[in-house]
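A.B. asks: pasting the sequence and the predicted coordinates here, then a few questions.
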Amino acid sequence: MPRLERKHSLATRMFHWANVPILAIMIWSGLLIYWANDVYVIRFRGHELVKFFPDWFYKQFGLAQRLGEGMAWHFAFMWLFALNGLLYVLYTAISGEWRHLVPNRHTFAEAFQVVLHDLYIRRTPLPRRKFNGAQRIAYTGVIAMGAGSLLTGLAIYKPVQLGWLTWALGGYQAARLEHFALTVLYVLFFVVHIIQVIKSGWNNARAMIIGVELTQNEEPSYEAAEVAAK
């Protein structure tokens, strides 16, 4: 018989969903700022492969000539992004949720098995985990990326007042490139995350909405599965 099992706490869900509008506005306003000096291009042997971004992109999404507006939104939501991230890290540390999230000595081996499973090479079910090995690496990486975005953002926002930070990141131009690269990685993560959510089905998505998922009685709880894996 199936049973409902608690998977994600209310706090975890609140921090998760708060990041959706915050990051969306941060990326949108960042594009308004980047328009004023869009210098990044990927070239190969002198040939331009990708330009971030072509003129039609700015026109299509109404991103041109809005530098001041972009800066106002970006700097305001920067503090919400920082506060939400800090509270989430404190919550996971105090509540003990970090045990399900932070990579351990089994994580990379488990992540490899997840890749094999996603490629339909491994046919047997994956071990029962609140976060599998690949998710532990990805979600912990996103937290580190958030810290990186905050530090690089501060370095290019206050390069004089925080000169030591700008210097530590390689200088103003390096910090700006790092900040931009992290934004690109966020977008790539978001795309992969949505694909994985769709692939895993409604039961997994429901857990992040209402906190519980449908589980078969013969399956161990997440806590029991974690203990058995040690």
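C.D. replies: The structure has been received and is ready for your questions. Numbers count the residues shown, from 1 in each chain.

A.B. asks: and the helix or strand Val89 falls within, what's its mean pLDDT?
C.D. replies: Secondary structure assigned from DSSP states H and E places Val89 in helix 67-95. With pLDDT averaged residue by residue, helix 67-95 scores 96.

A.B. asks: only the buried residues of that helix, if you could.
C.D. replies: Counting neighbours by 16 or more other C-beta atoms under 10 Å, one finds that the buried residues in helix 67-95 are 70-71, 73-74, 77-78, 81-82, 84-85, 88, 91-92. Where C-beta positions appear, they are placed from N, C-alpha and C, glycine not excepted.

A.B. asks: repeat that for stretch 9-24.
C.D. replies: Neighbour counts over stretch 9-24 (16+ other C-beta under 10 Å) mark Thr12, Arg13, Phe15, Ala18, Asn19, Ile22, Leu23 as buried.

A.B. asks: and of those, the nearest to Val114?
C.D. replies: For those, the minimum distance to Val114 (C-beta to C-beta) is 20.9 Å, reached by Thr12.

A.B. asks: my read: that closest one touches His100, true?
C.D. replies: No: using C-beta atoms under 8 Å as the test, Thr12 is too far from His100 to be in contact (9.9 Å).

A.B. asks: show me what contacts Trp28?
C.D. replies: By C-beta atoms under 8 Å, 6 or more residues apart in numbering, the contact list for Trp28 reads Trp73.

A.B. asks: that one and Leu86, how far apart?
C.D. replies: Applying C-beta to C-beta, to the nearest Å, one obtains 23 Å for the distance of Trp28 from Leu86.

A.B. asks: helices along this structure, start to end?
C.D. replies: With DSSP state H as the criterion, the chain has helices at 10-34, 55-60, 67-95, 98-101, 107-118, 133-157, 163-168, 172-200, 202-210, 222-229.
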